[in-house]
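> From the sequence below, what's the structure:
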Amino acid sequence: MRGDVALIGLIGLGHGISHFSQLLLAPLFPWLKDAFGVGYQELGFVLTVFFVVSCAVQTLSGFVVDRFSPRPVLFGGLAMLGLGALIYAAAQSYWMLLAGAVVAGVGNGVFHPVNYTLFNRRVAPTRLGHAYSVHGITGSLGWALAPALVVPLAVAFSWRVALVAAAALAFAVLALLVWQRSHLVLSRGEVRQATGQGAGGKPAVAAGGGLDFLRIPAVWMCFSFFFFYAAATGAVQTFAPEAARLLHDVPLAMAAVCLTIYMVCSAGGMVIGGFLVAKPERCERIVGVGFGVAACLALALAYLEMPALVVPVLFGLMGFAAGTAGPSRDLLVKRSTPEGATGRVYGVVYAGLDIGQACAPLLFGYLMDQGRHRAVLVGLAVVQAVLIASAFNVRKVRRTRMAVA
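Next comes the predicted model:
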């Protein structure tokens with residue numbers, strides 16, 4: 001058990017740095033806009049580059065993890081995140097910001113294939129739900145940490161100092177993981193299992209060929225599920241608080257707190273979700289209830305009259321409801337993954353996260369520019385409802401495949 005706890009903690013810490021890096025630049029946009037003489041659209045494109053690169057690398061890194069070992073890939077990813085932050089800090093032009101986004105995107109793309117390969121091979125099945133829960137919690141806390149760290153440093157010193165501090169944090173976590181690297185290694189048997197080899201080094205039958213897993217419908221249903229999950233998350237992170245502020249006359253400072261409350265409550269929901277998913281067969285129902293409640297709360301924000309003080313409360317409840325579905329979300333993928341293809345499947349499926357986060361701001365940003373603030377919250381509810389259907393479709397195609405087999 002002690003080994004499981006150490007592994008879960010170390011992986012969670014690295015995952016937190018991944019999410020921390022995703023929100024590193026956005027809080028600094030007011031400083032970067034003046035420093036480089038560009039608009040918010042150009043700065044937003046830097047984030048698009050980050051997620052597009054991360055998407056491509058995430059898909060490819062899954063094959064690397066299955067072919068070799070997750071530990072060196074994890075170390076390389078953390079190093080690239082730190083290097084990307086240093087390039088941001090040293091940037092003398094807008095193009096250097098784009099270069100930093102490419103480097104950081106490469107680093108960000110390795111985490112899900114690495115993390116879930118280690119979890120699925122090393123953590124006891126009875127604690128796997130808790131591992132997924134910690135993974136989601138640390139991701140949410142990483143998102144919350146980024147503005148809390150870089151904005152005060154930018155105000156007190158400069159945006160360059162803030163980004164150097166962010167790089168130092170990434171390298172510090174890398175040093176800790178290298179020091180505790182014995183917890184992150186797979187045994188020879190686990191390496192054979194992760195690379196699709198059976199006893200004596202023979203290929204595992206369930207793994208099939210290197211790309212055979214792409215013919216499994218459940219894999220692509222999981223991909224679509226994660227696309228819509230990221231679209232919902234992107235809507236909350238970017239425009240939903242502002243849309244609610246304009247609809248309900250919420251003070252600006254209170255609207256800014258909505259995202260923090262959402263993320264903190266989401267982390268709390270993931271703790272509960274880790275216990276709920278102890279029985280894997282009910283993970284689709286947990287997703288359905290969690291996102292069903294979240295969709296109803298989004299519609300309430302869109303259509304009901306309410307005092308300004310109620311708005312952050314509803315964001316907190318929405319975050320908690322969505323958070324309870326987090327561990328079940330990850331278990332959906334595990335139950336659809338063939339033996340010996342963990343890294344590849346997670347690489348492809350979680351690429352849906354990057355694509356969703358790259359596309360959502362374009363759609364919801366357009367609605368905001370058109371003054372359709374209620375449509376932003378309705379769109380969020382629709383995406384959350386689609387997640388429910390996607391989760392049950394994953395189960396349907398998985399059961400169909402098992403019946404045919």
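> what does stretch 360-369 contact?
44, 47, 230-235, 238-240, 242-243, 373, 375-376, 379-380 (C-beta atoms under 8 Å, 6 or more residues apart in numbering). Just so you know, the C-beta spots here come from the backbone N, C-alpha and C atoms, and that holds for glycine as well.
> Swap in 7 Å and give it another go.
Contacts with stretch 360-369, where a contact means C-beta atoms under 7 Å, 6 or more residues apart in numbering, come from Gly44, Ala230, Ala231, Gly234, Ala235, Thr238, Phe239, Glu242, Ala243, Ala375, Val376, Gly379.
> what does stretch 34-45 give?
With C-beta under 7 Å, 6+ apart, stretch 34-45 has contacts from Phe29, Leu32, Lys33, Ser93, Tyr94, Trp159, Pro361.
> Start and end of it, how far apart?
16 Å (C-alpha to C-alpha, to the nearest Å).
> show me where the stretch 101-250 of the chain has helices.
111-122, 128-156, 159-179, 188-194, 217-238, 240-248 (DSSP state H, counting those that start in this stretch).
> For the ones you listed, which has the smallest mean pLDDT value?
Per-stretch mean pLDDT for those is lowest at helix 188-194 (a mean of 48).
> returning to that earlier point: JSON lines for the contacts of stretch 360-369, including neighbour count?
Below are the contacts of stretch 360-369 laid out as JSON lines (neighbours: other C-beta atoms under 10 Å):
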{"residue": "Gly44", "neighbour count": "17"}
{"residue": "Ala230", "neighbour count": "24"}
{"residue": "Ala231", "neighbour count": "27"}
{"residue": "Gly234", "neighbour count": "24"}
{"residue": "Ala235", "neighbour count": "26"}
{"residue": "Thr238", "neighbour count": "21"}
{"residue": "Phe239", "neighbour count": "22"}
{"residue": "Glu242", "neighbour count": "19"}
{"residue": "Ala243", "neighbour count": "26"}
{"residue": "Ala375", "neighbour count": "17"}
{"residue": "Val376", "neighbour count": "27"}
{"residue": "Gly379", "neighbour count": "23"}
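> which one of those residues is nearest Gly9?
If you rank these by distance to Gly9 using C-beta to C-beta, Ala230 comes first, at 25.4 Å.
> For Tyr229, see how far away the closest residue to the closest one other than its chain neighbours is.
Closest residue to Ala230 apart from its sequence neighbours, by C-beta to C-beta, 6 or more residues apart in numbering: Gly356 at 2.7 Å. The gap separating Gly356 from Tyr229 is 7 Å, by C-beta to C-beta, to the nearest Å.
> With neighbour numbers in mind, choose between these two.
Higher neighbour count among Gly356 and Tyr229: Tyr229, with 26 against 23, using other C-beta atoms under 10 Å.
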